[in-house]
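Colleague: Here is the input, now give the coordinates:
(2 chains)
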Amino acid sequence: MTMAAAPAVPAGAGSYLHWGVISISTTNLLIIVAMVVLFVLAILLPFPGADEAPPPRHEDLS
Amino acid sequence: MTAGFRSAGVPAAAGEGARGRRRNWTVALRDRLTSLVPPGQLLPDRQPVYVASWIYVFGVLTLSALTVVLISGAWLAVGGATWWHVSSLGRFVNSLHLWSVEFFFAFMVIHLWGKFWMAAWRGRRALTWISGVVAFVLSIATAFTGYLSQSNFDAQWISTQAKDGLNAVGLGAWFNVLNPGQMLLWHVVLLPFAVGVLTVVHLVLVRRHGVVPPLDADGGD
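Modeller: Prediction:
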């Protein structure tokens, strides 16, 4: 049986950032930062067509 | 014939009230489902004006990502481990499964942040919040067993790192991370079923109680 070609030497562990007991990979930190940015933008950016929406009916708020 | 229908709990004539019906489990279940989500609220075609915000989009984004996760996962189950390791299409579907999970968690966490800071448990929505939290925890367990089911060195490494912790809390006898067959079955049967049920419960509760209004909305609580 022919084995699939696989790298003999695994890829490097990547870069890690350390602050005392805290250790996090740069990739994971960037993903978290991107999520926070996305969250802030979702709150701040206007939603398309939001101004044209009709006022809510009473039962919508019950 | 009519008597047969009546014994099955179906009203003999349209408009017959609850007083004229037999009380059996079929009628009780139908009444329960009808009262759970009143007609017209299961798939509403309009929403309150405050829903017109990007922060309200992340729930359905999470659901969309979960759909891709389930489809790509089912595809991997059909192909098998050799296929997803060796063939080009298998590797693509494997990557699709991984990245849809990444987006699923990113969207779900942003959805969680948004709901946490608008106190989404207000207005008798505590069970909606709790079902979401449980679905989140079960999703983490599902992702963890997914890492253990890759059938590669990563899976071996993660399982040996995790076994001591799980054994220390007494779970090792029923949840043995060194048993790849058991982990695969947890990943493709038990946990997805649990996440699916929790997701349906969560959505039904959202439909039943409505989307939570912002903190400054009138009449929201």
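Colleague: Mind listing what's buried along the helix or strand hosting B:Ala155?
Modeller: The secondary structure element spanning B:Ala155 is helix B:153-168 (assigned by DSSP states H and E). Within helix B:153-168, the residues that qualify as buried by neighbour count (16 or more other C-beta atoms under 10 Å in any protein chain shown) are B:155, B:159, B:162-163, B:166. C-beta here means a position set from N, CA and C on the backbone, and glycine is covered the same way.
Colleague: Pull the CA coordinates from that helix and hand them back as PDB.
Modeller: Taking C-alpha atoms only, helix B:153-168 is exported to PDB below (Å, rounded to 0.1, in the frame of the first residue of the first chain):
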ATOM      1  CA  PHE B 153      -0.900  13.000  14.700                       C
ATOM      2  CA  ASP B 154      -2.800  16.100  15.800                       C
ATOM      3  CA  ALA B 155      -5.600  13.900  17.100                       C
ATOM      4  CA  GLN B 156      -3.200  11.600  18.900                       C
ATOM      5  CA  TRP B 157      -1.400  14.600  20.500                       C
ATOM      6  CA  ILE B 158      -4.600  16.300  21.600                       C
ATOM      7  CA  SER B 159      -6.000  13.100  23.100                       C
ATOM      8  CA  THR B 160      -2.900  12.300  25.100                       C
ATOM      9  CA  GLN B 161      -2.900  15.900  26.400                       C
ATOM     10  CA  ALA B 162      -6.600  15.800  27.300                       C
ATOM     11  CA  LYS B 163      -6.900  12.300  28.900                       C
ATOM     12  CA  ASP B 164      -5.400  13.300  32.300                       C
ATOM     13  CA  GLY B 165      -7.800  16.200  32.800                       C
ATOM     14  CA  LEU B 166     -10.800  14.200  31.800                       C
ATOM     15  CA  ASN B 167      -9.800  11.200  34.000                       C
ATOM     16  CA  ALA B 168      -9.200  13.500  36.900                       C
END
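Colleague: Any chance you could list what contacts the very next helix or strand once past that helix?
Modeller: Tracing the chain past helix B:153-168, the next element assigned as helix or strand by DSSP H and E is helix B:180-185. Contacts to helix B:180-185, defined as C-beta atoms under 8 Å, 6 or more residues apart in numbering or on different chains, come from residues B:145, B:148-149, B:151, B:155, B:159, B:175-177.
Colleague: before we move on, what about stretch B:201-211?
Modeller: When contacts are taken as C-beta under 8 Å, 6+ apart, the neighbours of stretch B:201-211 outside the stretch itself are A:60, A:62, B:36-37, B:41-42, B:44, B:47-48, B:51, B:56, B:59, B:63, B:123-125, B:127-128, B:131-132, B:135.
Colleague: cool, stretch A:39-50 as well?
Modeller: Counting by C-beta under 8 Å, 6+ apart, residues outside stretch A:39-50 touching it are B:49, B:52-55, B:57-58, B:110, B:113-114.
Colleague: By pLDDT, give me the weakest of those residues.
Modeller: pLDDT is lowest at B:Val49 among the contacts of stretch A:39-50; the value there is 85.
Colleague: measure it to B:Trp25 for me?
Modeller: If you measure B:Val49 against B:Trp25 using C-beta to C-beta, to the nearest Å, the figure is 42 Å.
Colleague: Settle it for me: which of those two has more neighbours?
Modeller: Relative neighbour count places B:Val49 above the other of B:Val49 and B:Trp25, with 19 against 9, counting by other C-beta atoms under 10 Å in any protein chain shown.
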